[in-house]
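Novice: Sequence first, predicted model second:
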Amino acid sequence: TDVHVHLRQPGFEYKETIATGSRAAAAGGYTTICPMPNTSPSIDSKEMVEFLNEKSRADSLVHIVPIGAVTKGQKGTELADINGMVQAGALAISEDGKSVMDELIYVDGMKEAKKAGIYPYFRPISSDQDSEVIINEKKVLMFGSNSYLGLTNHPKIKEASIEAIKKYGTGCAGSPFLNGTLDIHIELEEKLADYVGKEKAIVFSTGFHSNIGVIPTIMGRNDHIICDELNHASIVEGRRLSFASSHRYKHNDMSSLEDVLKKIPYDSIKLIVTDSVFSMEGDIADLHKITELAEQYNASVYVDEAHSLGIFGKEGRGLCSEYGLTEKVDLIMGTFSKSLATIGGFIATDAETINFLKHHSRPYIFSASISPAATASVIAALDVIKQEPERIENLWKITDYALKTFRELGFEIGNTSTPIIPLYVRDMDKTFLITRELYDNGIFINPVIPPACSPEDTLIRFSLMATHTKEQVEEAIDKLHTTFRKYEIIK
């Protein structure tokens, strides 16, 4: 049962009301707390702010949402004015830690960006996805792609895709559970299991489907899901869909993770879920310590290798392989939309768990299989990665050069050590302006703003491909440096 609590009745016992809603949520529902703009002045605003903050962080089933005309920069004099509470840092803390106020500002900001001509999304590309693309008949250097190995236009992969269409047609017209399993699907699953070092694997229609199809299926009521606070949105949604208790630890903070584990009974079923490489920040999970803590506190480990397959480990087998932790990680998830040149996702683990997922995962059972073309593309991509090791070598040469240069020039890039480089701007308007100006100067980059990050962490996501040349990277960095200086982001 969903419970909605509106904080507007004069003199009501809001603590008791929220506590009741939380108990209902814990029993399998979901609580939405809605402070209203006309909340009675008889309520102590500061006290309520502190209580809401504490409650929202302690109980991830509680969702605090502001209701009413809320806009960026809203002013008000009421004691419990919505904007005042937001500024106090309490209001709009959602289940995944993102601010609902941020989302409202985001929507309002998109309208303003369109009016100002700096809206940066849905830019139509009319060429293949390579280090240089064509947008509106203009050549632009691409530094916003996840095609880390630059395989989406590889001739062998395109040919494999074409041949699969000739043999199998354009689609499977059904779920893998019924008529949608092809012999090449089985071949691909065997190759993926071998690639990441697990007994079995199954393929989902997207990487997002993999996480929402696995996490809630294997984790039930009375179980515990423990997540890094900066995990990918697909992990967050998978966690939300589960009846298991949900816990978050501070980003890559192993002391915080251990504090969470200590509070959960030793014999309870626990799953630690983390990205291996974080998609916005580009930093790497401390898998050594995570697996060590998992062993100490009787937990299992689930690693999303979306942004590390094709980059880390021998023949791009991922960070688990790079660290020699494949046996200590229980489930390895991956996607095809980054280094593997197409679309789809998979999970690899022991045979018993795979069999359970095949018969119980609703996103798997009730979604059509990935196309023959996509299936053949991944099989071919795995072969190309092994046959052309120079791609990974060049990616790391370019990455090391870019990381060194950005830091020398004074860019704030956090703890990244991967081809994903966050260039922090910490101002939404400037983030949009920089994105537009760079595009006008022939550089495609991606702006990251709320709700993908907090307002104070807006950034430009600069990502590299094996097919980038040093000259292309130098040109992009030079133009970024000029623009960041213009907007006084760096000196």
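Specialist: That came through, no problem. Numbering: from 1, shown residues only.
Novice: Render the CA-only coordinates of the host helix or strand of Ile332 in PDB, please.
Specialist: Using DSSP states H and E, Ile332 falls within strand 331-335. The C-alpha coordinates for strand 331-335 follow below in PDB (Å, rounded to 0.1, in the frame of the first residue of the first chain):
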ATOM      1  CA  LEU A 331      27.500 -12.200 -10.100                       C
ATOM      2  CA  ILE A 332      29.000 -10.300 -12.900                       C
ATOM      3  CA  MET A 333      26.800  -8.000 -15.100                       C
ATOM      4  CA  GLY A 334      27.800  -6.500 -18.400                       C
ATOM      5  CA  THR A 335      26.300  -4.500 -21.300                       C
END
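Novice: Can you name every helix or strand that it contacts?
Specialist: helix 183-196, helix 207-218, strand 300-304, strand 345-349 (3 or more CB pairs under 8 Å, 6 or more residues apart in numbering; DSSP states H and E). (Each C-beta comes from the backbone N, C-alpha and C, glycine too.)
Novice: Determine which stretch of the ones you listed is the most buried.
Specialist: strand 345-349 (a mean of 27; mean count of other CB atoms under 10 Å).
Novice: In its sheet, which strands sit next to it, and in what direction?
Specialist: The strands that strand 345-349 pairs with in its sheet are strand 200-204 (antiparallel), strand 331-335 (antiparallel) (by DSSP bridges).
Novice: So which of those strands is nearest Leu192?
Specialist: Closest approach to Leu192 among the strands paired with strand 345-349 (CB to CB): strand 200-204, 4.2 Å.
Novice: neighbouring contacts of the closest one?
Specialist: 176, 185, 188-190, 192-193, 210, 213, 344-351, 354-355, 357-358, 363-364, 367, 369-370, 375 (CB atoms under 8 Å, 6 or more residues apart in numbering).
Novice: quick one on the thing from earlier: what would the helices and strands packed on strand 331-335 look like in JSON lines with distance to Leu257 and mean pLDDT?
Specialist: As requested, these are exported to JSON lines (distance: least, CB to CB, whole Å; pLDDT from 0 to 100):
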{"stretch": "helix 183-196", "distance to Leu257": "23", "mean pLDDT": "98"}
{"stretch": "helix 207-218", "distance to Leu257": "17", "mean pLDDT": "97"}
{"stretch": "strand 300-304", "distance to Leu257": "11", "mean pLDDT": "98"}
{"stretch": "strand 345-349", "distance to Leu257": "21", "mean pLDDT": "98"}
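Novice: Could you dump the ones you listed into JSON lines and include distance to Met428?
Specialist: Listed next are these as JSON lines, based on distance: least, CB to CB, whole Å:
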{"stretch": "helix 183-196", "distance to Met428": "38"}
{"stretch": "helix 207-218", "distance to Met428": "25"}
{"stretch": "strand 300-304", "distance to Met428": "27"}
{"stretch": "strand 345-349", "distance to Met428": "31"}
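Novice: Show me the shaky parts of the stretch 251-400 of the chain.
Specialist: Within the stretch 251-400 of the chain, no range satisfies pLDDT under 70.
Novice: now do the stretch 51-200 of the chain
Specialist: If you take pLDDT under 70 as the line, the stretch 51-200 of the chain has these spans: 51-109.
Novice: Just the strands from it, written as ranges.
Specialist: 62-64, 132-135, 138-142, 200-204 (DSSP state E, counting those that start in this stretch).
Novice: Return the list of helices and strands in contact with the third one.
Specialist: Same thing as strand 138-142. Against strand 138-142 (3+ CB pairs under 8 Å, 6+ apart) you get strand 132-135, strand 443-444, helix 470-486.
Novice: just the second one next, same as before
Specialist: Judged by 3+ CB pairs under 8 Å, 6+ apart, the packing partners of strand 132-135 are strand 138-142.
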